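# model this:
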Amino acid sequence: MLDSLGRTIDYARISVTDRCNLRCVYCLGEQGDPGPAGGSLDFDDILRLARVLAGLGVVKFKVTGGEPTLRGDLAEIVRALKATPGVANVTLTTNGLLLDGQAQDLALAGLDAVNVSLDSLDPHAYRRLSGADALGRALAGLAAAREAGIPSIKVNCVPLAQTTPGDLLALAGLAREHETHVRFIELMPIGPGALLPPPRGNDAILRLLEASLGPMAPSGRALGNGPASYFSVRGFKGRIGFISALGSCFCALCNRVRITSDGFLKTCLHMDGGIPLPLSDEGLLRSAILEAVRRKPERHLFGTGPGCADGRTMARIGG
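I've put the predicted structure just below:
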């Protein structure tokens, strides 16, 4: 499936719920609420979407939220996506709090990779950033993913202005003893994140890490479906990655669409464009997706004003 600029769209992120058991300051915020519960796509909707998208050339799916592990049928969703003809890769993004009890089932369902969101290894900072005293549960979930044998494991960190060099180095250290890849994601000015003080960019974080860890060599090997740039560190089993949507716009290579938990297809994370999907009819659904992809924007407009920004929180969009 091609958009009007000739970009191949072969990757879809599906938000299976807008509910979350954390209140991260850049997503929902301390008082945040994604809206009334009950807007989640049902199992049949997800499979119908997968069939149509796969028929249009989408081969990679990311299951996200909200917090997808809050769904009792998550392993069944992963298994069904993997069984959809044409689908090659199914991955998951989670905060890890419930992963300890689900990792084995997800591995048996065929999950190809899991990304665990983890913004600090300091219990006090974690509680301040996430709204919950739950660092131990997140780390237990990360360990469970390793023990279950999920093929690829990544840690996602969104550094904020208050994130200390010690936080950044500690998180990078998760890649030392295990083949766990740690990625630093520049803060997106969306929802509560748009109101936070600007943090250091990824170029500054790279320099900070190199000052302590030594030279980091660019790795040409792709690790997953996204736009991260990866670096190898001497003595580390995993790699360090950077996703720099603001510092280094990668929209020319964008290969994705997003389906929100209430069935809206978004063609750009930042922009408010897209289309509500007619989920009950596969023919209409196919036509709607093709039309939305045809109108996919050339690039995001972060930093140019709020006029075209989506009013949804990250929990609704699915990241």
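# could you pull out the helices for the stretch 101-250 of the chain?
Along the stretch 101-250 of the chain, the segments classed as helices by DSSP state H, counting those that start in this stretch run 103-109, 123-130, 135-148, 165-172, 174-177, 202-213.
# Looking at the ones you listed, spot the one closest to residue 288.
Of all the helices of the stretch 101-250 of the chain, helix 103-109 sits nearest to residue 288, with 28.8 Å by C-beta to C-beta. Just so you know, the C-beta spots here come from the backbone N, C-alpha and C atoms, and that holds for glycine as well.
# Show me what the mean pLDDT comes to for that closest one.
Mean pLDDT, computed over helix 103-109, is 98.
# cool, stretch 60-67 as well?
Per-residue pLDDT over stretch 60-67 has a mean of 95.
# what sits up against it?
Stretch 60-67 is contacted by residues 10-22, 34, 50, 53, 74, 77-78, 81, 87-95, 97-98, 225, 261, 315-316, 318-319 when judged by C-beta atoms under 8 Å, 6 or more residues apart in numbering.
# hmm, 7 Å instead?
Stretch 60-67 is contacted from outside by 10-21, 34, 50, 77-78, 81, 87-95, 225, 261, 315, 318-319, using C-beta atoms under 7 Å, 6 or more residues apart in numbering.
# List the residues that contact residue 168.
For residue 168, the contact set (C-beta under 7 Å, 6+ apart) comprises 159, 205, 208-209.
# what about the chain, any weak spots by pLDDT?
Scanning the chain for pLDDT under 70 picks out the ranges 30-39, 221-222, 224-226, 245-250, 252, 270-273, 299-312, 319.
# Just the contacts of stretch 60-67: which are in helices?
Using DSSP state H, the subset of these located in helices is 50, 77-78, 81, 315.
# Among these, which one has the most neighbours?
Ranked by neighbour count (other C-beta atoms under 10 Å), the ones in helices among the contacts of stretch 60-67 have residue 315 at the top, with 28 neighbours.
# That residue contacts residue 18, correct?
Yes - using C-beta atoms under 7 Å, residue 315 is in contact with residue 18, at 5.1 Å.
# what about residue 7, neighbour count?
Residue 7: 18 neighbours (other C-beta under 10 Å).
# Let me fix that, I meant to ask about residue 200.
18.
# Against residue 96, how distant is it?
25 Å (C-beta to C-beta, to the nearest Å).
# What of residue 283?
Using C-beta to C-beta, one obtains 39 Å as the distance from residue 283 to residue 96.
# Compare the two (neighbour count), which wins?
With neighbours defined as other C-beta under 10 Å, residue 283 and residue 96 compare such that residue 96 has more, 27 against 9.
# and the end-to-end length of stretch 152-167?
23 Å (C-alpha to C-alpha, to the nearest Å).
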